[in-house]
Every structure is written in structure tokens, then in C-alpha cells.
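Student: Got a predicted structure plus its sequence, pasted below:
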Amino acid sequence: MQKFHVKRGDQVVVLAGSQKGKSGKVLEILAAKQRARVEGVAMIKKHLKKSEKNPQGAITELEGSVHVSNLMLQSVFDASTRRPKRAEKATA
């Protein structure tokens, strides 16, 4: 069994690819493909066939997967000194 630096439930940031900069919670680890599903990241559209449960059929959006090498724990990312700190948004 392979061991990864992230696990289900961790808050992560995407470091590379088209989703760079986005963050979310790890929903699932796909160990065989070395990928992870992250909440709100890499959204894909899935076409569902008509069924008794869904008589019209539907197009639903769900999370695609991101390679684990492109993920970093949010806490490590925030503690890094390699980039300037992000300014916190002021709520008024």
C-alpha cells in the first residue's frame, strides 16, 4: 500500500496545473492512480441517463481528480516564506 503526504479530510492548495491557487478539502484518495479528489477543484460535468430516479436525465457537476504531486497542505503553504504573505480580506 502506498503512502501519500495528504489524506482524506486535509485542507490542501493546488500548486500546478489549470486549477493552480485553488484550495479545498480532500474528499477521496485514488491510490492506484496517485490522484485525489478535492472539494470544489477540477469540476467536471457528467451526463446522467434517464432512469426511474431521474426521469428527465441530467447534467451534474462533480469533482474530477488532481495528481497528488500538485497538492500541498494548506498549513505548510501558509507557513512558507518563499512568497509574500497574502493580505487577509477585511470584512466590513
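Tutor: Thanks, I have it. Numbers count the residues shown, from 1 in each chain.

Student: List of residues touching stretch 26-40?
Tutor: 1-2, 4, 6-12, 14, 22, 24-25, 63-69, 71 (C-beta atoms under 8 Å, 6 or more residues apart in numbering). Heads up, the C-betas are built off the backbone N, CA and C, glycines and all.

Student: Enumerate the beta-bridge partners assigned to residue 48.
Tutor: Beta-bridge partners recorded for residue 48 (DSSP bridges): residue 58.

Student: quick one, what contacts it?
Tutor: 54, 57, 58, 59, 60.

Student: And it, how far from residue 37?
Tutor: Counting by C-beta to C-beta, to the nearest Å, the separation of residue 48 from residue 37 is 18 Å.

Student: How many residues are close by the residue nearest to residue 57 when sequence neighbours are not counted?
Tutor: Spatial nearest neighbour of residue 57, chain neighbours left out: residue 50 (4.4 Å); criterion: C-beta to C-beta, 6 or more residues apart in numbering. Applying other C-beta atoms under 10 Å, we find 10 residues neighbouring residue 50.

Student: pLDDT value on residue 50, please?
Tutor: Note on residue 50: pLDDT of 95.
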